[in-house]
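Engineer: Pasted the sequence and its predicted model underneath.
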Amino acid sequence: MTELNQQTLTDLQAGAEDAIGSAETLDALGAVEAEVLGKKGSLASLKKQLGGLEPEQRKEFGQLVNTTKSAIEAAAEARRSELSQVARMAQLEDERLDLTELRDEVKRGHYHLVTQARDRLEDVFVGMGFQVAEGPEVETAWYNFEALNIPDWHPARGSFDTIFVDLGEPEQVMLRSHTSPVQIRTMENQEPPIYIVAPGRTFRTDVADATHLPAFNQIEGLVIDKGITLGDLSGTIDAFVKAFFGHDVKTRLRPSYFPFTEPSAEFDISRADGSWLELGGCGMVNPQVLRNCGIDPDEWQGFAFGFGIDRLAVMRYQLDDIRELVNNDVRFLRQF
Ligand code: PHE
């Protein structure tokens, strides 16, 4: 049995502090603590011997045992907090997410396919000498209808499925149902000759389905100059279709009716299987529309056309459903 004296305690403390200092993990530290401070540990067995001492000595050594114990406990506590810190750092390092490693996978964004179609259309028309014009999305009845020769009693008003805005007199303010109001705004503000295209958003009460959207995009064309004929209209449409879709695509005009053009036509483009697909409306600007804008129809003539950009994108990329354009599913959009 180890003799109970000052030296024994000093040695025990030194040995314990050594072992604590060299414990590399919290588990190893726990083992050292059990060995020294535990019920069956070395300090406990020394304590047992206190009973065999004289009362004076017992008191003196009792105190020594307690200070030794406190010192060892303090050393263990200090080591525990060191080791916890190390363990925490190791865990953080383990869970660290190096985002720079993903850099190669980051996909660059690009324009939405409708924007791409719109940009290409603008390019084609600018290349043909047109300027790009814009107008507001909220319009008055004058620009959306009246100046375009659609008075309020005109049955054509009903065909536009207009979304009205609750402002001013009933049915006098609306989300524009086509881009034709930009024709009027341009003619009011600009002296002929005029060569413009006006792309932009348009709105109708249509319920979204595979071929309709309540908010869609149109592009309007307007030419006002001297001696303009239906041949110029037909040639312009053919030139733009060939530039946009390719040189083997044919175009044709079919008689139709719009209050703002006379004569009016729908224009179609040929498909690979030989069938025809309707693209938009067009015609010679109605003399009444020119008069409404202060232009003398005896001096100036013109043509206008308009068609849906979204539909054009659907045709060009052979999409099954026009709603794909607004679902904003990145897996779909990435393909274009
Ligand atoms: N604004 C017409 C529509 O939305 C299209 C059109 C434009 C027709 C210009 C003729 C001339 O249906």
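Structural biologist: Structure's in. What do you need? Numbering: from 1, shown residues only.
Engineer: Show me which residues of the chain are close to the ligand?
Structural biologist: The chain has residues 178, 180, 220, 258, 261, 280-283, 304-306 near the ligand, with proximity defined as CB under 6 Å from any ligand atom. Heads up, the C-betas are built off the backbone N, CA and C, glycines and all.
Engineer: Kindly indicate the member of the residues you listed with the most neighbours.
Structural biologist: Within the residues of the chain next to the ligand, most neighbours by other CB atoms under 10 Å means residue 180, with 28 neighbours.
Engineer: The closest residue in space to that residue that isn't next to it in sequence: what's it in contact with?
Structural biologist: Beyond its immediate neighbours in the sequence, the residue positioned closest to residue 180 (CB to CB, 6 or more residues apart in numbering) is residue 148, lying 5.5 Å away. With contact taken as CB atoms under 8 Å, 6 or more residues apart in numbering, residue 148 is in contact with 180-181, 183-184, 259-260, 289.
Engineer: Could you export those residues as TSV, including secondary structure?
Structural biologist: Shown next, in TSV, are the contacts of residue 148 (DSSP: H, G, I helix; E, B strand; the rest coil):
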residue	secondary structure
180	coil
181	helix
183	helix
184	helix
259	coil
260	coil
289	helix
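Engineer: The ligand: which of those is nearest?
Structural biologist: Nearest to the ligand among these is residue 180, at 4.2 Å by CB to the nearest ligand atom.
Engineer: Quick one, grab the pLDDT at that closest one.
Structural biologist: Among the per-residue scores, residue 180 holds a pLDDT of 98.
Engineer: Next, give phi and psi for it.
Structural biologist: phi -60, psi -30 (degrees, to the nearest 10).
Engineer: Could you report the separation of it from residue 28?
Structural biologist: Between residue 180 and residue 28 the computed distance is 85 Å (CB to CB, to the nearest Å).
Engineer: which SSE is residue 219 in?
Structural biologist: Using DSSP states H and E, residue 219 sits in strand 215-225.
Engineer: what sits against residue 99?
Structural biologist: Applying CB under 8 Å, 6+ apart to residue 99 gives no contacts.
Engineer: in what helix or strand does residue 150 lie?
Structural biologist: Using DSSP H and E, residue 150 falls within no helix or strand.
Engineer: and it, how far is that from residue 212?
Structural biologist: 22 Å.
Engineer: Mind checking which of the two has more residues around it?
Structural biologist: Under the criterion of other CB under 10 Å, the comparison of residue 150 against residue 212 puts residue 150 first, with 21 against 15.
Engineer: list the contacts for that one?
Structural biologist: Residue 150 touches 156-157, 259-260, counting by CB under 8 Å, 6+ apart.
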